[in-house]
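In: Following is a predicted model, sequence given first.
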Amino acid sequence: MSAPDLVEVGDTIVIGTARHGLALEAAWEIEELCNALCSTVGPSAGPARLVVRGLSARIRDLACAVMSALGDDIEETAKIANHVRIALPETGGEA
């Protein structure tokens, strides 16, 4: 049996390098899929284009938040939380 690659002790979580890399890779792919989706929906889609663009932008922002949380040691947790929670008081963010 291999050693666990995700360990939680109190308020600290240790993640293995392979799992960390997979999480970043998945978030990067989500971001790229959103970019591709936006580029394939043309003006002929009408109002649905705006919905696709809006949803894609939000999903891309969330993927970027995951990448920041896992790989950017300079980005403050509170700033990442505001991106995830859209800085609305009812979602726990700061307006």
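Out: Right, received. Where do you want to start?

In: could you pull out the strands for the protein?
Out: 6-9, 12-15 (DSSP state E).

In: what's the last one packed up against?
Out: Going back to what we said before, that points to strand 12-15. strand 6-9 (3 or more C-beta pairs under 8 Å, 6 or more residues apart in numbering; DSSP states H and E). (Each C-beta comes from the backbone N, C-alpha and C, glycine too.)

In: before we move on, back to that, can you list the strands of the chain in a markdown table and add mean neighbour count, mean pLDDT and distance to Leu33?
Out: Formatted as a markdown table, the strands of the chain follow (neighbours: other C-beta atoms under 10 Å; pLDDT from 0 to 100; distance: least, C-beta to C-beta, whole Å):
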| stretch | mean neighbour count | mean pLDDT | distance to Leu33 |
| --- | --- | --- | --- |
| strand 6-9 | 10 | 90 | 25 |
| strand 12-15 | 10 | 91 | 23 |
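
In: so what's the most centrally placed residue in the chain up against?
Out: Residue closest to the mean C-alpha point of the chain, counted by C-alpha atoms, centre = their mean, is Ala63 at 2.1 Å. Taking C-beta atoms under 8 Å, 6 or more residues apart in numbering, we find Ala63 in contact with Ala27, Trp28, Ile30, Glu31, Cys34.
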